Structure formats: structure tokens, C-alpha cells
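Visitor: For reference, the sequence and a predicted model appear below.
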Amino acid sequence: MASGEMALGTADTLSGVASAESGLVEQCRRGDAQAFARLVALHEGMVYNLAVRLLGDPEEARDLSQEVFLQVYRTLGRFEGRSSLKTWIYRIVVNHSHNRHRWWRRRRKDRALALEEMTPGDEARMSEAGAPQDGPHEQLERRERAARVQAALSTLSFEHKAILLLREVEELSCEEMAETLRLPVGTVKSRLARAREALRRTILAQGEAGVRP
């Protein structure tokens, strides 16, 4: 297929997704309970997974997920469609998580995400590992590398942790992150670069200190 045809096919797919999304939002606005249930079903996994990675506590993440969808239900009428619905929901998750994170810090309840909450795919992306290997030695090395990354992530600021997770785990583009965080694209790129450098320095410092996860 020619590159022009591929681009046209991609554009048609995106247009179809946007149209379906717009139709679902409109049904929800009219009070269609089944439509809202479909909206929740489409996004609940994404909401919970991001929340648990940001908060590090499954129970808190479940509670926060309920808060997020309650806000979605209450404010869907104000959704203007300038960004995708997914990006708009990401923004709500990050904002709620940030508020809860600040509440924890004031009460000294900050905590790190348990390693088992990260999937093998998350570990590979965050540790820049290659394709999974079958050998037990490679699996152990990959697991240890992921543990070092997770230990380093837990020391970063919420802003740096959030932008790394949105990019490396959720795989949002810089433009989507700008929409989610309500920041200029240039600011997103510079913050992402600083977050990656902070993560790299922390991992190096752990290695030099002989820190084991």
C-alpha cells in the first residue's frame, strides 16, 4: 500500500473513532445509563492502571477510580471535544491523583508502588529492556532492572513520575500529554527530558551506592 493510502486509512480510522466517541458522549449527555456504562467499561482499566501506578495502593486506586467516573458523569456536559475523551479522562485521573498525593504528603503517608503492580510490558518500557528472553538468567536480570527503575521512580516528584508514566507506560504522544497536563508542548518535552535525566541519575546513584531493591 502506498504511503498516501496508509495515511488516508489512518485518518479514516481516527475519524471513525472520533465519530463513535462523539455519539457515545451525546448519548450519555441525554441521560442514557447504558451508554455511560459502556463509557465506563471502555476506560475503567486505563483509569485504574494509571491511578495505581501513580498512587501505589490498589485500594486507594479503586476509590479514586470511582471519584474519577463520578466527575466524568457530572462534568461530561462541559466536555467540548477539543481533545479526545481518553485524554480528557487522563487529565482527571492525574489531577485527582495529584490532589491525593499532596494530601498523603501532608500526613506523611506517601508510599511507593508495589513492584507486582507493574506488568512485564511496563517493566520492559521503563527499564528500556529489549524483547523478553526465555532464559531464567535473563528473566532475573530484567526483573532486577525493573526493580531498580521502580525504586528510582518512587523517589521522583509526582510531576516527573506522572510524565514518565504517561509517556513510557501509557505511550501518550507529547501532544496528548500537553492536552492531559494543560501545558505547552515545549514545556512537556523539557519536563520529560528532566524527568528522564532525574531517573537516570537516581538509578546510577543506586548502583554506585550498591543499593539493591
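Guide: That came through, no problem. Numbering: from 1, shown residues only.

Visitor: May I have the secondary structure class of the residue most central in space within the chain?
Guide: The chain has residue 166 as the residue nearest its centroid, 3.9 Å off, counting by C-alpha atoms, centre = their mean. Using DSSP: H, G, I helix; E, B strand; the rest coil, the secondary structure recorded for residue 166 is helix.

Visitor: pretty sure it is touching residue 180, no?
Guide: Yes: judged on C-beta atoms under 8 Å, residue 166 makes contact with residue 180 at a distance of 6.5 Å. For glycine as for every other residue, the C-beta is placed from the backbone atoms N, C-alpha and C.

Visitor: what do these two both touch?
Guide: Counting by C-beta atoms under 8 Å, 6 or more residues apart in numbering, the shared contacts of residue 166 and residue 180 are 90, 94, 172.

Visitor: What number of residues are in the vicinity of the residue nearest to residue 207 when sequence neighbours are not counted?
Guide: Spatially, and ignoring its direct neighbours in sequence, residue 207 is nearest to residue 148 (7.7 Å; C-beta to C-beta, 6 or more residues apart in numbering). Counted with other C-beta atoms under 10 Å, residues neighbouring residue 148 total 19.

Visitor: Could you double-check that residue 148 lies in contact with residue 202?
Guide: No: distance between residue 148 and residue 202: 9.1 Å, which falls outside the contact criterion (C-beta under 8 Å).

Visitor: Sketch out the helices for the protein, chain order is fine.
Guide: Using DSSP state H, the helices of the chain run over 3-29, 33-55, 58-75, 85-106, 120-127, 136-153, 158-164, 174-181, 185-208.

Visitor: Give me the below-cutoff pLDDT ranges for the protein.
Guide: Judged by pLDDT under 70, the chain has its weakly predicted residues at 1-19, 104-135, 137-140, 142, 208-213.
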